[in-house]
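Participant: fold the following and give me the result.
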Amino acid sequence: MRLALFEPDIPQNTGALMRLCACLKVPLDIIEPCGFLLSDKNLKRAGMDYLEHLDLTRHLDWDAFKAATAGKRLVLISTKSSSSFLDFSFAPDDILIAGRESAGVPDHVHQQCAARLKIPMIAAARSLNVALASGIVLGEALRQTGGYPLPAGTE
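Facilitator: Have a look, this model is predicted:
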């Protein structure tokens, strides 16, 4: 299981997801360009000292990401989907993709993903924060696939 962020714009969200991935031992891909410098102090503050445990891969752009992940199933987290993540069967080598906070992902990215999943919400709600949405879907994917790390002392 991997998590990929498509052109993230908010360093605090990216930092929070870096910390989440480090704590859960989930590799993180960042598809550039980002809307901030990866050395941004807010990013480091959100990730804290967990970043030393993070398996991070940066990709120059979508095409570089696609080339590096050829053969893997891409699963997009999107408000534009009609399929709930609760009805989806995740596989251990899936790559979950979260879009930009300000604009999601372009149509060509939607079309290249094997699945597009949404989080069911009340009708009046537009969307969740990208870090929260990613955490919710990643949690279910890890639960289904037995991908949570072993508790400390049992490894």
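
Participant: for this protein, which helix is longest?
Facilitator: helix 130-145 (DSSP state H).

Participant: pLDDT of it, averaged?
Facilitator: Mean pLDDT, helix 130-145: 98.

Participant: next one: stretch 66-78
Facilitator: 97.

Participant: same check, this time on stretch 115-126
Facilitator: Across stretch 115-126, the average pLDDT comes to 95.

Participant: any idea how far apart the tips of that stretch sit?
Facilitator: 20 Å (Cα to Cα, to the nearest Å).

Participant: how about it: buried residues?
Facilitator: When neighbours are counted by 16 or more other Cβ atoms under 10 Å, the buried residues of stretch 115-126 are found to be 115-119. The C-beta positions use only the backbone N, C-alpha and C, and glycine is treated the same way.

Participant: tell me which helix or strand Lys66 sits in.
Facilitator: In this assignment (DSSP states H and E), Lys66 forms part of helix 62-68.

Participant: any idea how far that helix is from the middle of the chain?
Facilitator: A distance of 16 Å separates the centroid of the chain from that of helix 62-68, by Cα atoms, centre = their mean, to the nearest Å.

Participant: who does the following helix or strand past that helix touch, helix- and strand-wise?
Facilitator: Once the chain leaves helix 62-68, the next helix or strand it forms, by DSSP H and E, is strand 74-77. The contact analysis (3 or more Cβ pairs under 8 Å, 6 or more residues apart in numbering; DSSP states H and E) places strand 74-77 against strand 95-98, helix 107-112, strand 115-117, helix 130-145.
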